[in-house]
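output the structure for:
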Amino acid sequence: MTPHDKLRKLRTILSDAGAAAIALSGGTDSTFLVSVASGISGLRVLAVTVSTPYMFISEVEEAAAFCDRCGVMHRTIRMDIPETVRGNPPDRCYLCKTEVMGVVRATAGKEGISVIFDGTNADDVNDYRPGMRALEELNIRSPLLEAGLTKNEIRALAREAGLDVSDKPSNACLLTRFPHDSSILSGELRKAEEAEIFLTGMGLEGSRIRVHGDLVRIECKTEFFPKIMEANMREKMITALKNMGYKYITVDIEGYRSGSMNKNI
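Alright, predicted model coming up:
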């Protein structure tokens, strides 16, 4: 099937629901899903963004702004760090997804909506995604996955649709910046967010901060290594990150890789 064949299948899946709540994180996949759903005549759509301390504040704001532009009914529900997740256990993604989707379902129920969709795509089944077990247990459907749409296909279709998120780097929640079985404080999450925003502003898009106490480990694309080693660049990074409260600044010579904190699971 071509990407456009899959898009037609996606529209059919959405249309058949009649009414649906979509968990909107502000990322490419869920934003694209809401965009397609909003264009289907007769489909009642509710987008729900569950805002937690371990989400990027900018993504919550972008989700709300997108729905406002598209005229999509939207709810932002604020949720503190669940006690089951606060210690950052190895199964945090499963525990978090269970909590978040429970909030989405409850919010949808108040609007008389029983069908819940999320933005899982066809590539996600090949990655370490413990949260998918929660989706199965809670009967959350993933239309992008059902239609067979991959990440690259979603980006291409989003680009055709003129969506700003088409080339947005994939992201993960801020809990992934910290080792498992370590107590997580909201202030540390905000500091990690500030550090990554700084790195992006320095032209190191897609870089990750990994926090080990007062030591911060920077994971970035290997092609950025020469840029980082420039004296002026290095000095700016050291000054900024130390001013944020990090004592030791390191660069991981393996470069960025998704889920590096999961290697011992």
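
and Ile116, how many neighbours?
Look at Ile116: counted by other CB atoms under 10 Å, it has 23 neighbours. No exception for glycine: its C-beta is placed from N, CA and C like everyone else's.

quick check, pLDDT for it.
Predicted confidence (pLDDT) at Ile116: the value is 97.

pretty sure it is touching Val103, no?
No - contact criterion CB atoms under 8 Å: Ile116 and Val103 do not qualify, at 10.8 Å.

contacts for the helix or strand of the chain with the lowest mean pLDDT?
Of all the helices and strands that make up the chain, helix 131-137 has the lowest average by mean pLDDT, DSSP states H and E, namely a mean of 86. Helix 131-137 is contacted from outside by 93-94, 96-98, 101, 118, 120, 124-125, 140, 142, using CB atoms under 8 Å, 6 or more residues apart in numbering.

what distance separates the host helix or strand of Glu99 from the centre of its chain?
Secondary structure assigned from DSSP states H and E places Glu99 in helix 92-110. Averaging C-alpha coordinates over helix 92-110 and over its chain gives two centres that are 15 Å apart (CA atoms, centre = their mean, to the nearest Å).

for stretch 16-28, same thing?
Per CA atoms, centre = their mean, the centroid offset for stretch 16-28 relative to its chain is 14 Å.

quick one: buried residues of that stretch?
The neighbour-count criterion (16 or more other CB atoms under 10 Å) identifies 17, 20-28 as the buried residues of stretch 16-28.

one more: stretch 207-219?
By neighbour count on 16+ other CB under 10 Å, the buried set for stretch 207-219 is 207-211, 216-219.

pull the distance from that stretch to the chain's centre.
When C-alpha coordinates are averaged (CA atoms, centre = their mean), stretch 207-219 and its chain have centres 19 Å apart.

can you list contacts of it?
When contacts are defined by CB under 8 Å, 6+ apart, stretch 207-219 is touched by residues 176-179, 188, 192, 195-196, 199-200, 220-221, 224, 228, 237, 241, 245-252, 254-257, 260-261.

what about this protein, any weak spots by pLDDT?
Where the chain drops to pLDDT under 70, the residues are 127-128, 259-265.

please repeat the previous calculation with a cut-off of 80.
For the chain, the stretches with pLDDT under 80 are 126-131, 258-265.

what's the domain layout of it?
By the assignment in automatic domain parsing, the chain contains the domains 3-167, 174-262.

would you mind measuring from the residue in the chain sticking out farthest from the centre to Asp80?
With distances taken from the mean C-alpha point of the chain and given as CA atoms, centre = their mean, the most distant residue is Ala231, at 33.2 Å. Using CB to CB, to the nearest Å, Ala231 is found at 43 Å from Asp80.

and for Ile40?
The gap separating Ile40 from Asp80 is 35 Å, by CB to CB.

so for those two, which sits in the more crowded spot?
Neighbour totals were compared for Ile40 and Asp80, and Ile40 leads with 16 against 10 (other CB under 10 Å).

just say helix, strand or coil for the more buried one.
Of the three states, Ile40 takes coil under DSSP: H, G, I helix; E, B strand; the rest coil.

was I right to think it contacts Thr12?
No - with contacts counted by CB under 8 Å, Ile40 stays clear of Thr12, the gap being 9.4 Å.

which residues do the two both contact?
Common neighbours of Ile40 and Thr12 are not found (criterion: CB under 8 Å, 6+ apart).

now do the helices in this structure.
With DSSP state H as the definition, the chain shows helices at residue ranges 3-17, 28-38, 57-70, 92-110, 131-137, 143-146, 151-160, 186-201, 225-228, 231-243.

highest average neighbour count across the domains of the chain?
Each of the domains of the chain was assessed for mean neighbour count using mean count of other CB atoms under 10 Å. The highest is domain 3-167, with a mean of 18.

so Val104 is in contact with Leu46, correct?
No - the pair Val104 and Leu46 fails to qualify as a contact (CB under 8 Å) at a distance of 9.3 Å.

what sits in contact with each of these two?
Counting by CB under 8 Å, 6+ apart, the common neighbours of Val104 and Leu46 are Ala21.
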